[in-house]
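Student: Sequence and predicted structure are below.
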Amino acid sequence: MNIKKKLLLIIIIILTSLVGLIALTSLAGIFPSFPQVLFGQLQLTRESVPISPRAYQSAEFILGQVDLSAIKRGVYIHLQDDLLFWDPVYPGFPQTELNGDEIRQIQEVLSGGLLFTEDYLGQGFNCVDRAPGKEPVWRSCPEGGFYQDQFLDYQLEAGLDQAVGLVLIYFANGKVAEIRIYPGELGTAYQPYEKAGDWWFVGVGDPIPGLEQISSQARVEPIQVLWPEKTAEYAHDRGRRVFGSRYEKALVAVLKSSQVREVFGPIQEIRPALGNNYYSSWMDSSAIFLSFYIRGSQGEGVVIIQGEDCFDLRMVFEGKPQPDSDSYFCP
């Protein structure tokens, strides 16, 4: 091989290496999103998207159709109010670990309650009939209206008392059970969170023994952030590489929010928190969802923001959810 051919080969190798390096750098933000990127979804990390709808076993937990020995971990989260959009991580909220006896006791109360739903025509109610040794089935129940009144009363009472809670169960096979709890003085209302499946119902039952003590033990743990070993600017650069200008637009919207400044005071640190951090597009709609840890002069907490041109913003500050009556805005 002559000198010209050797030189040409060296140049080709160098150029190929450079192209490969550039490609790997560009794909660094895409790999965590594969294969979701094929369906119009990008994410900051593998854990940055909501749990698959098929992973929820909330109704099955109440119906006694899960193996309690397969439970990996149980958590009680003191939400205080009836909230949307924070699941499945609920960063910044007080929580406490549940032991095996507490999980079994909660399951017994929930499974022994009255489970019902309004029929799809809105003309009556169906209840879950669970005869011993048989699979649960639906039956028409005229008493469902009374059960619904009980449910609404307990739900309202829990909201006024800032007592709304959440039982979150993790199974070894990756499944989860998530049940919203509304404790009242005379009983408990509850709602299993489901995104897909055969069972959709709410329930009313007896008070859960020891729930008040469990709730009082809930504490705000240190808020987990993404890439804690790196600087906040590094984390923001990762966000910009994955989501482009959408990330910067959402970040600026948080920084300029008068609500955020009023609650947190002047911001001293802001960076992505462990939680929902993804961009989703489908047909002619698209939106980004980000979770930010914020430390301000008045304290710390988490802000979630979602949208595209206009945004919906929710906050938890020092473990307490903040009013969201003016959460929707167009910067």
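Tutor: Nice, thanks for sending it over. Numbers count the residues shown, from 1 in each chain.

Student: the bottom helix or strand of the chain by mean pLDDT?
Tutor: Least confident helix or strand of the chain, by mean pLDDT, DSSP states H and E, is helix 3-27 with a mean of 48.

Student: What is the subsequent helix or strand relative to it?
Tutor: With elements assigned by DSSP states H and E, the helix or strand that comes after helix 3-27 is strand 41-43.

Student: can you list contacts of the helix or strand that that next one is followed by?
Tutor: Next along the chain after strand 41-43, taking DSSP H and E as the criterion, comes helix 58-62. For helix 58-62, contacts defined as Cβ atoms under 8 Å, 6 or more residues apart in numbering pick out 66, 107, 110-111, 113, 115, 169, 176-179, 190, 192-194, 197-201, 203. Glycine gets a C-beta too; all of them are placed from N, C-alpha and C.

Student: Using PDB, write down the CA coordinates of helix 58-62.
Tutor: In PDB, the C-alpha atoms belonging to helix 58-62 read as follows (Å, rounded to 0.1, in the frame of the first residue of the first chain):
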ATOM      1  CA  SER A  58     -54.600  -1.500  43.000                       C
ATOM      2  CA  ALA A  59     -58.100  -3.100  42.600                       C
ATOM      3  CA  GLU A  60     -56.600  -6.600  42.800                       C
ATOM      4  CA  PHE A  61     -54.900  -5.700  46.100                       C
ATOM      5  CA  ILE A  62     -58.300  -4.700  47.600                       C
END
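
Student: on contacts alone, who are the packing partners of the next helix or strand after it?
Tutor: Proceeding C-terminally, helix 58-62 gives way to strand 71-80 as the next helix or strand, assigned by DSSP H and E. With contacts defined as 3 or more Cβ pairs under 8 Å, 6 or more residues apart in numbering; DSSP states H and E, the secondary structure elements packing on strand 71-80 are strand 95-98, helix 100-111, strand 164-171, helix 211-216, strand 320-321.

Student: Let me know which of those is the nearest to W282.
Tutor: strand 164-171 (27.6 Å; Cβ to Cβ).

Student: Direction included, what does that closest one pair against?
Tutor: strand 71-80 (antiparallel), strand 176-183 (antiparallel) (DSSP bridges).

Student: mean confidence score for the helix or strand encompassing V204?
Tutor: Assigned by DSSP H and E, V204 belongs to strand 202-205. Strand 202-205 carries an average pLDDT of 98.

Student: Please spell out which residues along it are buried.
Tutor: Applying a neighbour-count criterion of 16 or more other Cβ atoms under 10 Å, one finds 202-205 buried in strand 202-205.

Student: before we move on, back to that, mind putting the helices and strands packed on strand 71-80 in CSV, distance to Y154 and mean pLDDT included?
Tutor: Formatted as CSV, the helices and strands packed on strand 71-80 follow (distance: least, Cβ to Cβ, whole Å; pLDDT from 0 to 100):
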stretch, distance to Y154, mean pLDDT
strand 95-98, 21, 98
helix 100-111, 13, 96
strand 164-171, 10, 97
helix 211-216, 12, 96
strand 320-321, 19, 97
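
Student: okay, the ones you listed, which one's buried deepest?
Tutor: Of those, the one with the most neighbours on average (mean count of other Cβ atoms under 10 Å) is strand 164-171, at a mean of 22.

Student: Could you list the residues in contact with it?
Tutor: 57, 61, 66, 70-83, 88, 90, 98, 103, 106, 158, 176-183, 211, 215.

Student: Give me the domain ranges for this structure.
Tutor: 3-28, 53-216, 232-329 (automatic domain parsing).

Student: Out of the ones you listed, which is closest to L44?
Tutor: When these are compared by Cβ to Cβ, domain 232-329 sits nearest L44, at 4.1 Å.

Student: and that closest one, how far apart are its ends?
Tutor: 26 Å (Cα to Cα, to the nearest Å).

Student: how about S140, what does it touch?
Tutor: The contact partners of S140, by Cβ under 8 Å, 6+ apart, come to 124-127.

Student: Include distance to L290 and secondary structure when you put those residues into TSV, please.
Tutor: Shown next, in TSV, are the contacts of S140 (distance: Cβ to Cβ, whole Å; DSSP: H, G, I helix; E, B strand; the rest coil):
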residue	distance to L290	secondary structure
G124	43	coil
F125	40	strand
N126	39	strand
C127	41	strand
